[in-house]
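Enquirer: Task: produce atomic coordinates for the following.
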Amino acid sequence: MSATPPPHPIDSVTDRFLGHRELLFSVVYNMLGTVADTEDALQDVWLAWSARHRTADAEPVENARAYLVRIAVNRALARRAEMSRRQETYVGTWLPEPLATVDDHAAEGAERAEALSMALLVVLETLSPLERAVFVLHEVFGFAHPEIARILDRSPTAVRQLATRARRHVHARRPRHRPEADLHARVTERFAVAALGGDLRTLLELLAPDVTLWTDGGGKGPAVSLHPVHGRDSVAAVFMAVARALPAAGIDLRYRRVAGDPGALVFAHGSPLAVVVVDLSPEGDRITGVFSVTNPDKLTGIRPPAP
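Expert: Prediction:
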C-alpha cells in the first residue's frame, strides 16, 4: 500500500516560502539587527509554514506573502525580549551586526537591498519593539496601516499612533537625508585610508567638529572605548593610536556595501578585524558618525578577501 501523499506538494510549499525569503530576511533583520537572530527567526517561520501544510484540514493560504510576513514579524517581536536581556549584560556599546554583500554589483535580491543604514538601525534600537515593527513595515517596505494592524493584531488606530510616535522619534534623532552613494563611498575610502595610515591632516579635514565614534568589541574584539567618543580631536586621536598599534604587514582593506551604506572592511592576515561605516552630514562633506564593529561574533559572515 502506498503512503498517503502530503496535503500539499512539498516542492510547492518550499518554493512559495523561498519566493518570499529575501523579503522576510530584510523585514526581520531591520527589526533585530543581527544576522544570527534573523536566521533563527526565519527557521521558526519555515517550521510553522511547513507544519501548516502537513495538516490535512488546514485552510489554504491565499496570500502567502501576508501570512509569512505576519509569522516573521511576530517571531521577531518574540526574539526582541531575549535580545534585550542579552544587551543588558553586553560589554560596551552594542551595534547592529554588519550585513556585508560579497560584491556591490552582486544580485542579492531586490528586497535584501532594503537594509537600513547603520546610523538608522542604531536609532531604531531606542524604539519600543512595536514601534520599530510599525516603522520598518510602513516606512521601509510600504505596508499600509490596516495591513500592519492585521499583522500585529492591533487596531488601525493603535498602529497609526505607533507610527506617529516612531516617525517623530526617528526624525528627531535622524534628520532625513541620504548622501549620494558615490560621494559616501569616496568619503568612506578616504577616511579608511587616513585612519589606518595615521594621516592626521586628512582625518581632521574629514571629521565634523561634533563627530561621534561608536566601537563595538563586545569584550572580545579590540574596542578603544566602552562608551562613545565625542569630538573631532578625540576621535582623530583614537585613530592615530589605532594606526600606531596595527602591525606593519598583513593588513588588508576592502570596500563593500554594509546594509544600506558603503563600508570599509579591515582584515588581518586574512581574518576579519573590523567593519567600519561612516555617517555623513546633510551636505555630505563631513563625517558626523563613525561605527566600528570588531566583535568577532558579529564578523563571522564577513568573507576574507580573495587571494
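
Enquirer: where in this protein is pLDDT low?
Expert: Flagging of the chain using pLDDT under 70 yields the residue ranges 1-11, 55-58, 102-115, 175-177, 306-307.

Enquirer: Spatially central, which residue of it would that be?
Expert: Residue closest to the average C-alpha location in the chain (CA atoms, centre = their mean): Gly33, at 4.5 Å.

Enquirer: can you tell me how far the nearest residue to that one once chain neighbours are set aside sits from Asp216?
Expert: Nearest non-adjacent residue to Gly33, counting by CB to CB, 6 or more residues apart in numbering: Pro96, 3.5 Å away. Placement of C-beta: from N, CA and C, glycine included. From Pro96 across to Asp216, the span is 9 Å (CB to CB, to the nearest Å).

Enquirer: more neighbours, those two?
Expert: In terms of neighbours (other CB atoms under 10 Å), Pro96 is the more surrounded of Pro96 and Asp216; the figures are 27 against 24.

Enquirer: Report the secondary structure state of the more buried one.
Expert: What DSSP: H, G, I helix; E, B strand; the rest coil gives for Pro96 is coil.

Enquirer: so what's Asp261 up against?
Expert: Ser117, Met118, His184, Thr188, Val277, Val278, Asp279 (CB atoms under 8 Å, 6 or more residues apart in numbering).

Enquirer: that's a strand at the last one, yeah?
Expert: In other words, Asp279. Yes. Counting by three-state DSSP, Asp279 is located in a strand.

Enquirer: Does the residue nearest to Gly33 touch Leu120 like I think?
Expert: No. Pro96 is not in contact with Leu120 according to CB atoms under 8 Å; the separation is 9.7 Å.

Enquirer: Quick check: longest helix in the protein by residues?
Expert: The longest helix of the chain (DSSP state H) is helix 64-88.

Enquirer: Downstream of it, the next helix or strand is which one?
Expert: Using DSSP states H and E, the helix or strand that follows helix 64-88 in sequence is helix 118-124.

Enquirer: Report how many residues lie close to the closest residue to Phe143 other than its chain neighbours.
Expert: Leaving out its chain neighbours, the residue that sits closest to Phe143 by CB to CB, 6+ apart is Leu137, at 4.2 Å. When neighbours are defined as other CB under 10 Å, Leu137 has 24 of them.

Enquirer: now do Ser128
Expert: Residues lying near Ser128 (other CB under 10 Å) number 13.

Enquirer: do you know how far it is from His138?
Expert: On the measure of CB to CB, Ser128 and His138 end up 15 Å apart.
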